[in-house]
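**Q** fold the following.
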Amino acid sequence: MPKPTKGPRLGGGPAHERLMLANLAAALYTHKSIKTTETKAKRLRPLAERLITFAKRGDLHARRRVLSVIGDKEVVHILFSEIAPLVAEREGGYTRITKVGNRKGDNAPMAVIELVLEPVTPKAKSTKKAAAPKTEKVEEPAEVVEETPAEEAPAEEAPAEDAAEAGAESQAEGEAAEAAAEDAVEKKSE
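**A** Coordinates of the predicted model:
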């Protein structure tokens, strides 16, 4: 169950607040961006995003639930036919709130709330960051073993065996680790 908000309501009563937020959501879907006070924008965001999630489902029951909040059929049609396909790949965060300063008349903090309709670009997983710690782990034992001159030959073979046993992702990574260990041996001997 949602936790009730503390403090005074936006419009005076709960019914007025509900209607005001519904009208703000309808204006947001119609114009794609609206300017309002920060408080109203922050209160509008969860409602607007929940209605967009219903629109992404696209079935009749979802349409009727959105119609129960927003009474205008044209706005609901825009939401389901235009906005929902644009945010189909997005898993959340359909709105963006940007603070724009204070209002001239009463110095109220203002904000622009807008729909985020840009296509989602998934972050590429970098393999270099994952490979870097593995090479460092292989180098450290090689340096410790290199301090004893009697065991230099086994020390050079040990990192390659450790990399192979540790399940190096590719042969190239194993060779890179072995080359790094050899470089470390040459630097120590100099």
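**Q** residues in contact with the helix or strand hosting residue 85?
**A** In this assignment (DSSP states H and E), residue 85 forms part of helix 84-86. Helix 84-86 is contacted from outside by 52, 55-56, 58, 117, using CB atoms under 8 Å, 6 or more residues apart in numbering. For the C-beta atoms, the positions are set from N, CA and C on the backbone; glycine is no exception.
**Q** report the two of those residues separated the most.
**A** 58 and 117 (17.2 Å; CB to CB).
**Q** tell me the helix or strand right after the helix or strand bottoming out on mean pLDDT in the chain.
**A** Least confident element among the helices and strands of the chain, by mean pLDDT, DSSP states H and E: helix 152-165 (a mean of 49). The helix or strand immediately downstream of helix 152-165 is helix 171-189, counting by DSSP H and E.
**Q** now that following helix: average pLDDT?
**A** Helix 171-189 shows an average pLDDT of 73 in the prediction.
**Q** other SSEs contacting it?
**A** helix 127-146, helix 152-165 (3 or more CB pairs under 8 Å, 6 or more residues apart in numbering; DSSP states H and E).
**Q** just the CA coordinates for that helix, please, in PDB.
**A** Provided in PDB are the C-alpha atoms of helix 171-189 (Å, rounded to 0.1, in the frame of the first residue of the first chain):
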ATOM      1  CA  GLN A 171      44.500 -17.500 -24.900                       C
ATOM      2  CA  ALA A 172      45.400 -13.900 -25.800                       C
ATOM      3  CA  GLU A 173      44.800 -12.900 -22.200                       C
ATOM      4  CA  GLY A 174      47.000 -15.700 -20.900                       C
ATOM      5  CA  GLU A 175      49.700 -14.700 -23.300                       C
ATOM      6  CA  ALA A 176      49.400 -11.100 -22.200                       C
ATOM      7  CA  ALA A 177      49.700 -12.100 -18.500                       C
ATOM      8  CA  GLU A 178      52.800 -14.200 -19.300                       C
ATOM      9  CA  ALA A 179      54.400 -11.300 -21.200                       C
ATOM     10  CA  ALA A 180      53.700  -9.000 -18.300                       C
ATOM     11  CA  ALA A 181      55.300 -11.400 -15.900                       C
ATOM     12  CA  GLU A 182      58.400 -11.700 -18.100                       C
ATOM     13  CA  ASP A 183      58.600  -7.900 -18.300                       C
ATOM     14  CA  ALA A 184      58.500  -7.700 -14.600                       C
ATOM     15  CA  VAL A 185      61.300 -10.300 -14.300                       C
ATOM     16  CA  GLU A 186      63.500  -8.200 -16.700                       C
ATOM     17  CA  LYS A 187      62.800  -5.000 -14.800                       C
ATOM     18  CA  LYS A 188      63.800  -6.600 -11.500                       C
ATOM     19  CA  SER A 189      67.000  -8.000 -12.900                       C
END
